[in-house]
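Asker: Kindly generate the corresponding structure for this input.
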Amino acid sequence: AGGEELIAYAAQYHEALAILSSNNDAAVVELLVNTAHAWADSRIDQSSEGNRRACKSGCAFCCYLPVVLASAAEVIYLADWLRSYCSSDELQQVRERLEARCVQDTAGSQSKKPFPCALLQDNQCMVYEARPFKCRGWNSVRLEACERAYGQSETTTKVPVDTFAFVMGNAVLNGLSDSTHQAGLDGGAYELNSALLRALEFPDATVRWRRGERLFDTSR
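Answerer: Numbers count the residues shown, from 1 in each chain. The predicted structure is shown next:
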């Protein structure tokens, strides 16, 4: 497993660095993240535990987790994806849900109500094809454990997951993050809701990130 993890990490690191080195255009971000997601998916699909996964369309228990981390590149890409595929009304609704989620996160333990991811719509992920690595790699193998853990920030319930898929998702994510650091860009990990809300505030967020600006430090 350790060898597989290293292979996934190294392949992503070198491929991402080559992409970043070959083109300074902001449009390269789409290629960068799409390539990384495709590589992660291909490794995750190799898991021998795939047939044990309990995850299915319409099952959204994990979409109520209090914190999901995403790399700066993923956040930038996701903001562009939303601008491309959402109407102005849909985009405004996403912003409003992001703002509400950020308020709830600030309230912390004072709020007892489980709060869904702002990208969850009718119990479906509206950005499924563009979802972050942390979502791609998280695959439960026991539905009842997810139900018990639903909406809890602190719980003694442990959700058993497809370990190989989880490790591969993280390995590719780390390869992407380290390569962007090496290229002089922000490769940090940020809380998804607050970072995405900030990225949507700047129409030129992709260009600014490509220039090396750190747009999300307050979302760390």
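
Asker: Give me the next element, helix or strand, following the helix or strand where residue 13 lies.
Answerer: Element membership of residue 13, judged by DSSP states H and E, is helix 2-22. Using DSSP H and E, the helix or strand that directly follows helix 2-22 along the chain is helix 28-44.

Asker: Each with direction, which strands does the helix or strand just after that following helix pair with?
Answerer: Next helix or strand after helix 28-44 toward the C-terminus (DSSP H and E): strand 69-71. Strand 69-71 has the following sheet partners, assigned by DSSP bridges: strand 189-191 (antiparallel).

Asker: Give me the contact list for the strand it pairs with.
Answerer: Identification of contacts with strand 189-191 by C-beta atoms under 8 Å, 6 or more residues apart in numbering yields 67, 68, 69, 70, 71, 72, 75, 105, 177, 216, 219, 220. Quick note: C-beta positions are derived from backbone N, CA and C, even for glycine.

Asker: how about the helix-or-strand element of the chain with minimal mean pLDDT: buried residues?
Answerer: Taking mean pLDDT, DSSP states H and E as the measure, the helices and strands of the chain show their lowest mean at helix 143-149, namely a mean of 85. Neighbour counts using 16 or more other C-beta atoms under 10 Å place 145, 146, 149 of helix 143-149 among the buried residues.

Asker: Let's have those in JSON lines, adding distance to residue 55.
Answerer: Output for these, formatted as JSON lines (distance: C-beta to C-beta, whole Å):
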{"residue": "145", "distance to residue 55": "12"}
{"residue": "146", "distance to residue 55": "9"}
{"residue": "149", "distance to residue 55": "14"}
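
Asker: Out of those residues, which comes closest to residue 92?
Answerer: Set against residue 92, the nearest of those by C-beta to C-beta is residue 146 (31.0 Å).

Asker: Okay, now the unreliable bits of the protein?
Answerer: Filtered on pLDDT under 70, the chain yields the residue ranges 1, 107-113, 151-157, 218-220.

Asker: ok, now with 50
Answerer: 154-156 (pLDDT under 50).

Asker: contacting residues around the residue positioned nearest the centre of the chain?
Answerer: Compute the mean C-alpha point of the chain, and by C-alpha atoms, centre = their mean the closest residue is residue 132, 2.2 Å away. Contacts for residue 132 were tallied using C-beta under 8 Å, 6+ apart; they are 68, 69, 70, 71, 74, 78, 192.

Asker: and the closest residue to residue 11 other than its chain neighbours, how many neighbours does it have?
Answerer: The shortest distance from residue 11 to any non-neighbouring residue, by C-beta to C-beta, 6 or more residues apart in numbering, is to residue 39 (6.7 Å). By the measure other C-beta atoms under 10 Å, the count of residues near residue 39 is 20.

Asker: Considering the contacts of residue 132, which possesses the most neighbours?
Answerer: Compared across the contacts of residue 132, residue 74 has the highest neighbour count, 29 neighbours, by other C-beta under 10 Å.

Asker: from memory that residue sits against residue 133, does it?
Answerer: Yes. In this structure, residue 74 is within contact of residue 133 by C-beta atoms under 8 Å, at 6.9 Å.

Asker: Does residue 165 touch residue 139 like I think?
Answerer: Yes. Using C-beta under 8 Å, residue 165 is in contact with residue 139, at 4.9 Å.

Asker: wait, residue 150 sits on residue 116?
Answerer: No. Contact criterion C-beta under 8 Å: residue 150 and residue 116 do not qualify, at 10.8 Å.
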